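J.: Need the 3D shape of this:
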Amino acid sequence: MTTSTDVFVEHRNLLFTVAYEMLGSAADAEDVLQETWLRWAEVDRDKVRDDRAYLVRITTRLALNRMRANARRRESYVGPWLPEPLLTTPDVAEDVELADSVSLAMLTVLETLGPTERAVFVLREVFDLTYDEIAVAVDKTPAAVRQVAHRARAHVEERRPRREPSPSEHERALQGFLTAVATGDVQGLMDVLAPDVVLVTDGGGVKKAALRPILGRDKVVRFLDAVTDGIDAVVDVVVVNGAPALRVVVDGELDTVASMVVEDGLVTGLYVVRNPAKLARLDAVVTLTR
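T.: Down below sits the predicted model:
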């Protein structure tokens, strides 16, 4: 007979993915998993019909509590708040739906949902739980969950990228952006950015970053030119949250991770994380799964 530890380990990557998609923070997700394990260890498994569903329910409720607490703390956060980026395994990119759901762009959109809406959206759209299963997890009726799911889906559809690029299209745009920035080619940078591009930077009040999103190609180019001028950096391409991104190392230390949204061959969104606390775990590959 499998032990409680065996069952938890079997589902750990799934539970981490659920918590991370709800919270946008690996640190918070790990805390939720620790609490989930403590509660799971006390459960009488003879009364549990579905281990996976039970564990997801515990994780969801704990993550909801954490989300509500975080909402109050983020009111005092300095500048825009971006999700914590993760180095992910290649198989995440191969699962198109999972890669889309954990992208920094999607996680940023999910930040605009309320805690319950986000939980319902994640559990339904990403993990394909039934309305009955979700209802138990969020303490609502199945009918109420259907209504919440409908609202959340409409909200996300209005704000998500219009079309997901192919891997080759994303790679071309990223390489064009990298080459233009590295060589100081302003026109090349203008050519790869969409006219209505948005740049969001998160320094957490620790590293220099724009305190508001920067809108429009001209303003973004001027900002990038100012912050990269005279900096001797080593830049490489890594897979972050299921998509290629730029990792910037300055003086031997990880300084920045930049992820981008690509539509119709042009960069429409740039998400730049510089907060050291959010980059602290970017030295290990994380396995996400559905």
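
J.: Touching the least confident helix or strand in the chain by mean pLDDT from outside, list them.
T.: The weakest-scoring helix or strand in the chain, judged by mean pLDDT, DSSP states H and E, is helix 90-94 (a mean of 84). Applying CB atoms under 8 Å, 6 or more residues apart in numbering, the external contacts of helix 90-94 come out as L98, A99, V102, P167, V239, N241, G242, A243, L288. Using the backbone N, CA and C atoms, a C-beta is placed for each residue, glycine as well.

J.: Check the offset of that helix from the chain's centre.
T.: Centroid separation for helix 90-94 versus its chain: 15 Å, with CA atoms, centre = their mean, to the nearest Å.

J.: Pull out the CA atoms of the helix or strand just after it and give them to me as PDB.
T.: Beyond helix 90-94 in the direction of the C-terminus, DSSP states H and E gives the next helix or strand as helix 96-102. What follows is helix 96-102, C-alpha atoms only, in PDB (Å, rounded to 0.1, in the frame of the first residue of the first chain):
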ATOM      1  CA  VAL A  96       0.900  24.700 -25.600                       C
ATOM      2  CA  GLU A  97      -2.000  25.200 -23.100                       C
ATOM      3  CA  LEU A  98       0.300  24.800 -20.100                       C
ATOM      4  CA  ALA A  99       3.000  27.100 -21.600                       C
ATOM      5  CA  ASP A 100       0.300  29.700 -22.300                       C
ATOM      6  CA  SER A 101      -1.100  29.500 -18.800                       C
ATOM      7  CA  VAL A 102       2.200  29.900 -17.000                       C
END
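
J.: helix or strand right after helix 96-102?
T.: Toward the C-terminal end, the helix or strand that comes next after helix 96-102 (DSSP H and E) is helix 104-110.

J.: so P276 sits right up against G203, yeah?
T.: No: contact criterion CB atoms under 8 Å: P276 and G203 do not qualify, at 9.0 Å.

J.: More neighbours: which of these two?
T.: It is G203, of P276 and G203, that has more neighbours when counted by other CB atoms under 10 Å, with 21 against 14.

J.: what's stretch 119-135 in contact with?
T.: Against stretch 119-135 from outside (CB under 8 Å, 6+ apart): 18, 21-22, 53, 56-57, 60, 63-64, 67, 97-98, 101, 110, 113, 137-138, 141-142, 144-146, 148-149, 152-153, 156, 290.

J.: List only those of the residues you listed flagged as buried.
T.: 18, 21-22, 56-57, 60, 63-64, 67, 98, 101, 110, 113, 137-138, 144-146, 148-149, 152, 156 (16 or more other CB atoms under 10 Å).

J.: okay, how far is it across stretch 70-78, tip to tip?
T.: End-to-end span of stretch 70-78 (CA to CA, to the nearest Å): 14 Å.

J.: That stretch: which residues count as buried?
T.: Residues of stretch 70-78 classed as buried by neighbour count (16+ other CB under 10 Å): N70.

J.: residues in contact with the nearest residue to E84 once chain neighbours are set aside?
T.: Of all residues not flanking E84 in the chain, K278 sits nearest, at 4.4 Å (CB to CB, 6 or more residues apart in numbering). Residues in contact with K278, defined by CB under 8 Å, 6+ apart, are S25, L82, E84, P85, D202, G204.

J.: Most widely separated two among those?
T.: Spatially, the most separated pair among the contacts of K278 is P85 and G204, at 13.1 Å (CB to CB).

J.: Looking only at neighbour counts, state which of those two leads.
T.: The neighbour count for P85 versus G204, taken as other CB under 10 Å, is higher for P85 (24 against 19).

J.: Are we agreed that the more buried one is in a helix?
T.: No: secondary structure of P85 (DSSP: H, G, I helix; E, B strand; the rest coil): coil, not part of a helix.

J.: got the contact list for it?
T.: Taking CB under 8 Å, 6+ apart, we find P85 in contact with L104, V240, N241, A245, V257, S259, V273, K278, L279, L282.
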